[in-house]
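S.K.: for reference, the sequence and a predicted model appear below.
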Amino acid sequence: MDDMTFNPSAPVETDAYAVPLDRLNPGQPALFAQDAMWPFFERLRREAPVHYTPESEFGPYWSITKYKQILQVEANHEAFSSDIHRGGIVIRDPEPDFVMPMFIAMDPPRHDLQREAVNPVISPTNLARLEILIRERAGRILDALPVGEVFDWVETVSIELTTQMLATLFDFPQDERRKLTHWSDVATAIPGAGLIESEAERQGILLECLLRFTELWNERVNAQPTGDLISLMAHADATREQTPMEYLGNLLLLIVGGNDTTRNSITGGLLALNRFPDQYSKLLANPGHVANMVPEIIRWQTPLAHMRRTATRDIEFGGKQIREGERVIMWYVSGNRDEEVIANPNAFDIERDRPRRHLSFGFGLHRCLGERLAELQLRIMWEEILKRFGRIEVVEEPKRVYSAFVKGYERMLVRVSERRG
């Protein structure tokens, strides 16, 4: 794809009703960077829940914006494929000369076998072991925060906790852990938006990632099996014969899945509490709300805005005729605000009934492998925050990621006014 089709500095129309419905393009990265996409999805849910955009930065695509219809697409993997060779899982097509198969971008049975290979990392026994480690690390990070000074919550807290955990899951050297953050960001970045300038630059950086992980693979494949992700893949029948690009694809799936989603929910949770100060007061008065708050954070934030499928055949869906080969975008960010399913969906409510009724982890066979680990990290982080601090103030509007896929934050400046105890 031509990198010049993306121009982060170009003006964008943020009035959802200034554009004819048949030309509406909710997938513009600039809308997400400005947090201006909400009215577009509200209009689509009301007027055209199954909607066709004929022209966009990514080419034509269908938008599925309501909760129940997203579930229907997720459940029908025969008609709506996630296979990378049909287009994969993101709105932007894969580069034809740099295709990275990964199990989330496979259909059964290969998907099921490769996913099963890494399942032991989130077993109850392993999560119990990781809980102790997460609490120790969260405590160290929080104890080092400056009181009374403005600092970047994303860099200092969100990235630090999640990157340490990623390094542990891969048994990757902790002193090199920020490489994982960089590779995750590069994997999902849009060329020209600040981090990378071209697709060629992205590919060069990701090949460096492959080279480093190949060194680790070669160590693990000749050693006794252990519980880290590389060893699990090296010793499992379904993954030990991966091609280099398939190995890279699965690595990036696990890195992005373990990094972007949790880190942006850690940031988004603090932003939500600042946007809804009555909920913050309620939490400070009763820290027991944390367990219910965690899935509400993940719903309210929706750290991955969409997943894509590609129609394997002509099919009528929601009264519209979708043709074989067309992109079908499930907008989780919209389904999580569907008024027909979630009461008062734009509010952040730490006492919400059924808070796990959200789409942020997907549904069905592609439901997020690491959801319990993500919730564990968020719960522990907030338990430890409440032991140490009162209100943490967000001092200015955060800088958001220029992406219609990763719904996240590059920077959020905050101030801790006082330390408890």
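M.R.: Nice, thanks for sending it over.

S.K.: pLDDT below threshold where in this protein?
M.R.: 1-6, 421 (pLDDT under 70).

S.K.: what comes up buried for the biggest helix by length in it?
M.R.: Ranked by residue count, the top helix of the chain under DSSP state H comes out as helix 244-275. Within helix 244-275, the residues scored as buried using 16 or more other CB atoms under 10 Å are 245-274. Backbone N, C-alpha and C define where each C-beta goes, glycine included.

S.K.: can you check stretch 77-87 too?
M.R.: His77, Ala79, Phe80, Ser81, Ser82, Asp83, Ile84, Arg86, Gly87.

S.K.: in CSV: those, plus secondary structure.
M.R.: Listed next are the buried residues of stretch 77-87 as CSV, based on DSSP: H, G, I helix; E, B strand; the rest coil:
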residue, secondary structure
His77, coil
Ala79, coil
Phe80, strand
Ser81, strand
Ser82, coil
Asp83, coil
Ile84, coil
Arg86, coil
Gly87, coil
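
S.K.: from those, which two are the most distant?
M.R.: Pairwise distances across the buried residues of stretch 77-87 peak at 17.5 Å for Ala79 and Ile84 (criterion: CB to CB).

S.K.: picking that back up, tabulate the CA atom coordinates of the helix or strand that the longest helix of the chain is followed by in PDB.
M.R.: Next in sequence after helix 244-275, counting helices and strands by DSSP states H and E, comes helix 277-285. The C-alpha coordinates for helix 277-285 follow below in PDB (Å, rounded to 0.1, in the frame of the first residue of the first chain):
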ATOM      1  CA  PRO A 277     -14.900  12.100  39.300                       C
ATOM      2  CA  ASP A 278     -18.000  10.800  41.200                       C
ATOM      3  CA  GLN A 279     -16.800   7.300  40.300                       C
ATOM      4  CA  TYR A 280     -13.300   8.100  41.500                       C
ATOM      5  CA  SER A 281     -14.700   9.300  44.800                       C
ATOM      6  CA  LYS A 282     -16.700   6.100  45.100                       C
ATOM      7  CA  LEU A 283     -13.600   4.000  44.400                       C
ATOM      8  CA  LEU A 284     -11.500   5.900  47.000                       C
ATOM      9  CA  ALA A 285     -14.200   5.400  49.600                       C
END
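
S.K.: which helices and strands sit right next to helix 277-285?
M.R.: Helix 277-285 is packed against helix 244-275, with contacts defined by 3 or more CB pairs under 8 Å, 6 or more residues apart in numbering; DSSP states H and E.

S.K.: and the angle from the helix it packs on to helix 277-285?
M.R.: 90 degrees (axes from the mean of the first three to the mean of the last three CA atoms, to 10 degrees).

S.K.: run the chain-centre distance for helix 244-275.
M.R.: In terms of CA atoms, centre = their mean, to the nearest Å, the centre of helix 244-275 is found 5 Å from the chain centre.

S.K.: and for stretch 81-100?
M.R.: Relative to its parent chain, stretch 81-100 has a centroid offset of 17 Å by CA atoms, centre = their mean.

S.K.: closest to Asn25 among the buried residues of stretch 77-87?
M.R.: Of the buried residues of stretch 77-87, the one sitting nearest to Asn25 (CB to CB) turns out to be Gly87, at 18.1 Å.

S.K.: which of the three states applies to the closest residue to that closest one other than its chain neighbours?
M.R.: In this structure, Gly87 finds its nearest non-sequential neighbour in Thr310, 4.2 Å apart by CB to CB, 6 or more residues apart in numbering. Following three-state DSSP, Thr310 is assigned to strand.

S.K.: sorry, back to before: closest one to Gly204 out of the buried residues of stretch 77-87, please.
M.R.: Proximity of those to Gly204 (CB to CB) peaks at Ile84, which lies at 20.5 Å.

S.K.: what's the closest non-adjacent residue to the closest one?
M.R.: Per CB to CB, 6+ apart, closest to Ile84 is Ala105, 4.0 Å.

S.K.: I'd say that neighbour and Gly88 touch.
M.R.: Yes: here Ala105 reaches Gly88: they are 4.5 Å apart, a contact under CB atoms under 8 Å.
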